[in-house]
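Undergrad: Sequence and predicted structure are below.
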Amino acid sequence: MKQFKRHLVTSALPYANGPVHIGHLAGVYIPSDIYTRYLRLRGEDVIHVCGTDEHGVPITIKAKQEGVTPQDIVDKYHKIIGDSFKGLGISFDIFSRTTTPTHYATASEFFKKLHDAGKFVEQTSEQYYDEEAKQFLADRYIMGTCPHCGNDRAYGDQCEKCGTSLNSTDLIDPKSMISGSKPVMKETKHWYLPLNDYQKDLEKWILTDHKEWKSNVYGQCKSWFDLGLQPRAVSRDLDWGIPVPVEGGEGKVLYVWFDAPIGYISATKDLTPDWEKYWKSEDTKMVHFIGKDNIVFHCIVFPSMLMADGSYILPENVPANEFLNLEGDKISTSRNWAVWLHEYLEEFPGKEDVLRYVLCANAPETKDNDFTWKDFQTRNNSELVAIFGNFVNRALVLTQKYFDNKVPAAGALTDFDRETLEEMPKIKKAVEDYIEVYRFRDALKEAMNLARLGNKYLADTEPWKVAKTDMERVATILNVALQITANLAIVFEPFLPFSTEKLLKMLNTSEFGWDKLGNTDLLAVGHELGKAELLFEKIEDSVIDAQLKKLEDTKLANALKEYKAEPQKEEAQFDDFMKMDIRVGTIKACEKVAKTKKLLKLTVDTGIDTRTIVSGIAEHFEPEQLLGKQACFLVNLAPREIKGITSNGMILMAQDADGKLRLVQPNEAVKPGSQVG
Ligand SMILES: Nc1ncnc2c1ncn2[C@@H]1O[C@H](COP(=O)(O)OP(=O)(O)OP(=O)(O)O)[C@@H](O)[C@H]1O
Ligand SMILES: [Zn+2]
């Protein structure tokens with residue numbers, strides 16, 4: 001295996017048009033933070049760089065919608081995103097942005113160097129142009145149908161449904177996002193990076209030399225190669241972005257996916273004057289943490305740029321994750337279907353690690369995964385509280401009770417004691433092996449196994465019972481339990497930094513370092529412990545219900561916003577209509593049909609007779625709400641047997657966009673039996 005001297009970890013630059021949600025965290029920032037914290041604990045030379053991605057069309061669209069400047073938008077979200085990452089303990093060494101002077105200079109120079117070395121192809125071509133807005137339609141300014149999957153909301157640069165990267169001319173039935181008009185073709189000049197020139201080298205680098213990459217990443221790259229790489233435009237006709245720094249570049253800017261990854265380099269420059277050591281030495285291990293929709297940019301486009309320059313290293317791995325969904329639906333910023341980090345931090349103070357734990361335990365490492373509030377509660381209550389928290393609390397409280405809060409001396413160890421302690425180095429090795437191959441879920445499971453081990457040790461040795469007869473044995477048991485506790489403060493640090501800090505305080509000690517993991521003498525005999533507190537707290541049903549209610553409200557709001565009337569039914573003849581006998585009736589009695597959830601039994605005065613009508617509306621109305629009300633009824637519908645009751649007709653209802661039902665009534669009371677038509 002290749003030996004590295006230092007590590008450069010990058011996390012995908014979050015796009016500054018909205019706050020960060022749990023999908024971003026599970027996909028990118030929790031894994032990258034675990035990885036870097038682990039390396040730091042091992043004493044490795046590591047830097048972790050990130051920042052906000054602040055160019056591109058969606059930001060200009062949002063600015064227009066809100067009547068502010070693009071700069072206002074990115075300033076606002078840079079702050080929200082940066083603060084919330086800090087709040088969750090995501091430990092970047094620098095959180096920069098792509099509007100800094102360093103970045104402008106770095107990206108410009110990068111472009112200019114490739115340009116001057118003849119690495120681009122200049123090409124004049126016809127591009128979509130909005131005649132009403134008098135503007136070329138780059139990327140997300142244009143929408144149409146994806147030629148690959150038929151999604152009719154594909155953008156000019158990518159179809160979010162099937163993940164295919166597109167050129168706007170690939171779209172079927174394109175439409176301008178600015179004016180809604182049908183765009184025309186107009187000539188414009190752009191610079192292209194001929195990715196095809198790099199295909200052979202990329203193929204060798206990935207397909208031959210990096211067979212160990214995650215199969216989702218490897219597979220996506222392979223299918224790109226199979227399709228054959230094409231030249232890709234690296235400039236755009238826009239006024240928000242980094243100006244194209246060469247002749248003929250007036251009015252044009254760098255394509256956002258050209259400038260964004262260079263943001264990793266500029267962030268490193270702003271972090272350390274030694275930046276070249278991280279970017280240009282073969283003994284640096286560079287790893288990009290991203291979600292699956294960024295694979296092509298980090299495995300093909302950016303590496304091609306780096307190869308074209310020639311002075312940079314390539315990433316050693318790109319452990320991209322699949323996507324996290326929320327309660328069964330795709331997370332979406334525009335539809336507000338998300339758990340927002342800044343809101344979570346406000347609503348769950350002191351519970352940063354619960355979110356970190358759940359998102360790691362449930363990370364979409366090999367396939368898309370679902371976050372549910374119920375699972376969040378279960379993992380907190382039956383894992384963090386019942387296993388980890390419970391064990392630590394018992395060990396500390398018993399020491400307080402029997403040994404004046406000082407670490408007691410261990411006497412002779414039993415076989416069971418020894419077997420228990422021998423598990424610790426094995427767990428250390430397992431956690432390391434998993435982290436090295438970016439399997440953070442399994443690594444966390446192993447860390448949790450150490451807490452399980454401790455919990456089981458106390459359950460089996462029962463020091464509270466032994467205390468009645470043999471205090472020397474209790475001293476040994478608690479010494480062992482406290483050493484396990486101290487080990488927990490090491491193994492969980494990358495995953496749960498807030499809780500391990502709290503735990504170290506309770507143990508009245510400072511950080512041990514990863515190498516000490518597995519040791520059985522971390523706490524000296526006689527060492528006085530700090531104050532025992534609860535490491536985790538139970539989360540009640542009411543808290544979860546409130547979050548579910550919030551999502552329910554979002555769903556309703558979306559349904560109302562997105563409501564579209566059903567298309568008209570096929571043509572009917574006058575006679576078809578005349579066959580239906582619709583009358584106004586008065587509801588005389590109403591009751592729930594026993595043992596059913598949906599059915600109401602109505603007794604209706606139709607003017608013709610008084611009859612029974614059974615209707616599936618019990619989830620919408622309480623019986624007393626309908627009593628005495630008038631409504632329209634189809635009275636000549638053939639009778640039907642429903643749950644043993646004969647129903648003679650049907651009540652007419654209007655269904656609102658949110659699914660709620662309303663009575664159809666005359667605007668003033670009429671005689672029962674009045675005809676409707
Ligand atoms: N639901 C998700 N699950 C996993 N990773 C995600 C998810 N959503 C976004 N990511 C990843 O987070 C990183 C930052 O995302 P970015 O800011 O580009 O937002 P995005 O993909 O436009 O998301 P959204 O459309 O929800 O705002 C990217 O690497 C992206 O792949
Ligand atoms: Zn598609």
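TA: Thanks, I have the structure now. Ligands and ions are numbered 1, 2, ... in the order given.

Undergrad: Please name the residues that touch the residue of the chain most remote from its centre.
TA: In the chain, the residue that sits farthest from the middle, by C-alpha atoms, centre = their mean, is Ile608; the gap is 60.3 Å. Residues near Ile608 by C-beta atoms under 8 Å, 6 or more residues apart in numbering: Arg583, Val635, Gly673. Heads up, the C-betas are built off the backbone N, CA and C, glycines and all.

Undergrad: For the helix or strand hosting Leu193, which strands pair with it and how are they oriented?
TA: With elements taken from DSSP states H and E, the one containing Leu193 is strand 184-194. If you go by DSSP bridges, strand 184-194 pairs up with strand 121-130 (antiparallel), strand 231-233 (antiparallel).

Undergrad: What are the buried residues along it?
TA: Across strand 184-194, burial judged by 16 or more other C-beta atoms under 10 Å covers Thr188, His190, Trp191, Tyr192, Leu193, Pro194.

Undergrad: just stretch 624-633 next, same as before
TA: Buried residues in stretch 624-633 (16+ other C-beta under 10 Å): Leu626, Gln630, Ala631, Cys632, Phe633.

Undergrad: Can you add distance to ligand 1, pLDDT and secondary structure and give those residues back as CSV?
TA: CSV is the format used below for the buried residues of stretch 624-633 (distance: C-beta to the nearest ligand atom, whole Å; pLDDT from 0 to 100; DSSP: H, G, I helix; E, B strand; the rest coil):
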residue, distance to ligand 1, pLDDT, secondary structure
Leu626, 44, 96, helix
Gln630, 48, 97, strand
Ala631, 44, 97, strand
Cys632, 45, 97, strand
Phe633, 48, 97, strand
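
Undergrad: The lowest-mean-pLDDT helix or strand in the chain packs against which elements?
TA: Using mean pLDDT, DSSP states H and E, the weakest-scoring helix or strand in the chain turns out to be strand 135-136, at a mean of 88. The helices and strands touching strand 135-136, judged by 3 or more C-beta pairs under 8 Å, 6 or more residues apart in numbering; DSSP states H and E, are strand 121-130.

Undergrad: Show me which positions of the strand it packs on end up buried.
TA: So for strand 121-130, counting by 16+ other C-beta under 10 Å, buried means Gln127, Tyr128, Tyr129, Asp130.

Undergrad: Taking these, tell me the two that lie furthest apart.
TA: Pairwise distances across these peak at 10.8 Å for Gln127 and Asp130 (criterion: C-beta to C-beta).

Undergrad: so who does Pro425 touch?
TA: Applying C-beta under 8 Å, 6+ apart, the residues near Pro425 are Leu517, Gly518.

Undergrad: Show me what the helix or strand harbouring Ala107 is packed up against.
TA: Here Ala107, judged by DSSP H and E, is contained in helix 101-116. The contact analysis (3+ C-beta pairs under 8 Å, 6+ apart) places helix 101-116 against strand 94-97, helix 256-271, helix 302-309.

Undergrad: tally of neighbours for the residue nearest to Lys598 when sequence neighbours are not counted?
TA: Once flanking residues are discounted, Lys598 sits nearest to Gly616: 4.4 Å by C-beta to C-beta, 6 or more residues apart in numbering. Residues lying near Gly616 (other C-beta atoms under 10 Å) number 16.

Undergrad: residues contacting Gly616?
TA: Neighbours of Gly616 in contact, by C-beta under 8 Å, 6+ apart: Lys598, Leu599, Leu600.

Undergrad: I'd like to know which of those residues are part of strands.
TA: Among those, the members falling in strands (DSSP state E) are Leu600.

Undergrad: Filter the contacts of Gly616 down to the buried ones, ChimeraX style.
TA: To isolate the buried ones among the contacts of Gly616 in ChimeraX, judged by 16+ other C-beta under 10 Å, type:
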select :599,600
